[in-house]
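**Q** Sequence first, then the predicted structure, then my questions.
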Amino acid sequence: MDPAMIAKLKEAFGGELSADMLNKLWTTYSDEDGDQSLETLGELTAGIAHEINTPIQYVTDNVKYMQDATSQLLAVLATYQELLRDIPEPLQDKVGSAMAKHAVTDDDLDFMREELPEAAEQALTGLEQVIKIVSSVKSFAFPTGKDIVYADLGDIINATATVSRNEWKYLATLEVVVDQTIGLVPCYPGEIHQVLLNLIINAAHAIEDNKSRQLGMILVQARARGDFVEIMVSDDGCGVAEVNAAKIMEPFFTTKKAGRGSGQGLALSKKIVEESHNGTLSFQTAPDVGTTFIIRLPLIHAKGETEAA
């Protein structure tokens, strides 16, 4: 439900739409958080396609180059083999003439020897990147069931960072730091993906709005804190103005321009963390310095639990 829809509702109600009505509408809407997650994934499809297309393109180009270069090398080697059978002693001129038929010089051979290994390495790097993206999408689409599962928080964070890369890669660098002493964490993985996605995208937008910076920094950290685990998403963006700080997690509140945000991401994230996970979602901010959102999840959950995801 975006601001335009709220305006239409107000008009339909004669300009009156009370806070109670808005809260009821929000409750109805946020109960469909699974659909919201799918909708967000749909909006990211173009970005994911771009991320897949880039490595696929240079994999294809390098494979084509290796194919052409290998064909030339095999032709040269075949010529060498033929000459070696017929020539009782070195005849450099004849060998040079035979090589010229294939338009291959010694310099060409040296170049191929140097470039073929590098091309193969780039091809493998591209394939690894494709595999990582596909794996992240699969992880992100983890179905949210009725039972809590034990999941690897590092995998969840890294997968979300990969899926959202098209949203931040031109605006910031993103670093993930996960405390390796954290064990598997009881949670709904799909919902935590959704929360982190909202926070990372918000961080990218905040950095974009901070005109004083060329390239910003997003830092996602996870650490154990007694019976809780903390996930912190920090940015060096524009920060949250004091006048907006108290309202930033309210349903439908947004400071973003039309078409960029509907004011549902943080409210939905707060609902997921607090109601589904018995945790807390808070933030610290300073205008023109940046913002850190802090998710606290209990390591012991009262609801049903299943084995590790």
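**A** In hand now; what should we look at? Given the structure is predicted, the values throughout are model-derived calculations rather than measurements. Residues are numbered from 1 along each chain as shown.
**Q** Helix, strand, or coil at residue 243?
**A** helix (DSSP: H, G, I helix; E, B strand; the rest coil).
**Q** gap between it and residue 287?
**A** Distance, residue 243 to residue 287, by CB to CB, to the nearest Å: 10 Å. In this view, the C-beta of every residue, glycine as well, is placed from N, C-alpha and C.
**Q** More neighbours: the two, which one.
**A** Neighbour count, other CB atoms under 10 Å: between residue 243 and residue 287, residue 287 has more, with 13 against 8.
**Q** Chain neighbours aside, what residue packs nearest to that one?
**A** residue 239 (4.1 Å; CB to CB, 6 or more residues apart in numbering).
**Q** Now do that neighbour against residue 264, distance only.
**A** 21 Å.
**Q** Let me know the helix or strand that residue 132 is in.
**A** Assigned by DSSP states H and E, residue 132 belongs to helix 106-140.
**Q** what packs against the following helix or strand past that helix?
**A** Tracing the chain C-terminally past helix 106-140 and defining elements by DSSP H and E, one meets strand 148-151 next. Packing contacts for strand 148-151, counted by 3 or more CB pairs under 8 Å, 6 or more residues apart in numbering; DSSP states H and E, involve strand 185-187, helix 189-209, strand 305-308.
**Q** Mind checking the ones you listed for the one nearest to residue 172?
**A** Closest to residue 172 of these is helix 189-209 (CB to CB; 5.0 Å).
**Q** per-residue confidence averaged over that closest one?
**A** Helix 189-209 shows a mean pLDDT of 91.
**Q** what angle sits between it and helix 106-140?
**A** 120 degrees (axes from the mean of the first three to the mean of the last three CA atoms, to 10 degrees).
**Q** gap between residue 278 and residue 197?
**A** In terms of CB to CB, residue 278 sits 21 Å off from residue 197.
**Q** the more surrounded of these two?
**A** Taking other CB under 10 Å, residue 278 and residue 197 do not tie; residue 197 has more neighbours (23 against 14).
**Q** Roughly how far does the more buried one sit from residue 157?
**A** Taken as CB to CB, the span from residue 197 to residue 157 is 11 Å.
**Q** buried residues in the helix holding residue 132?
**A** Under the neighbour-count criterion of 16 or more other CB atoms under 10 Å, helix 106-140 has 108, 112, 116, 119, 122-123, 126, 129-130, 133, 136-137, 139-140 buried.
**Q** Show me where the stretch 201-309 of the chain has its strands.
**A** Ranges of strands in the stretch 201-309 of the chain, per DSSP state E, counting those that start in this stretch, are 216-225, 228-235, 280-286, 290-298, 305-308.
**Q** The third one versus strand 290-298: what angle between them?
**A** By that I understand strand 280-286. 160 degrees.
**Q** what's strand 280-286 in contact with?
**A** 195, 239-240, 245, 248-249, 269-270, 273-274, 291-296 (CB atoms under 8 Å, 6 or more residues apart in numbering).
**Q** Ok, the first one next?
**A** Contact with strand 216-225 is made by 153-154, 157, 161, 168, 171-179, 181-182, 196, 200, 203-204, 207, 210, 229-237, 296, 299, as judged by CB under 8 Å, 6+ apart.
**Q** Figure out which of the helices and strands packed on strand 148-151 is closest to residue 215.
**A** Comparing the helices and strands packed on strand 148-151 under CB to CB, the one sitting nearest is helix 189-209, at 8.3 Å.
**Q** how about low-confidence regions in this protein?
**A** Residues of the chain meeting the criterion pLDDT under 70: 1-50, 81, 83-85, 87-100, 102-106, 138-146, 211-213, 252-263, 301-309.
**Q** For residue 181, give its distance to residue 225.
**A** 11 Å.
**Q** Neighbour count for these two, which is higher?
**A** The neighbour comparison of residue 181 against residue 225 (other CB under 10 Å) goes to residue 225, with 12 against 7.
**Q** Distance check, that one against residue 158.
**A** Relative to residue 158, and taking CB to CB, residue 225 is found at 21 Å.
**Q** cool, residue 230 as well?
**A** 17 Å.
**Q** Repeat that for residue 207.
**A** 20 Å.
**Q** rewinding a little: among the strands of the stretch 201-309 of the chain, which comes closest to residue 62?
**A** Across the strands of the stretch 201-309 of the chain, closest to residue 62 is strand 216-225 (CB to CB), at 30.8 Å.
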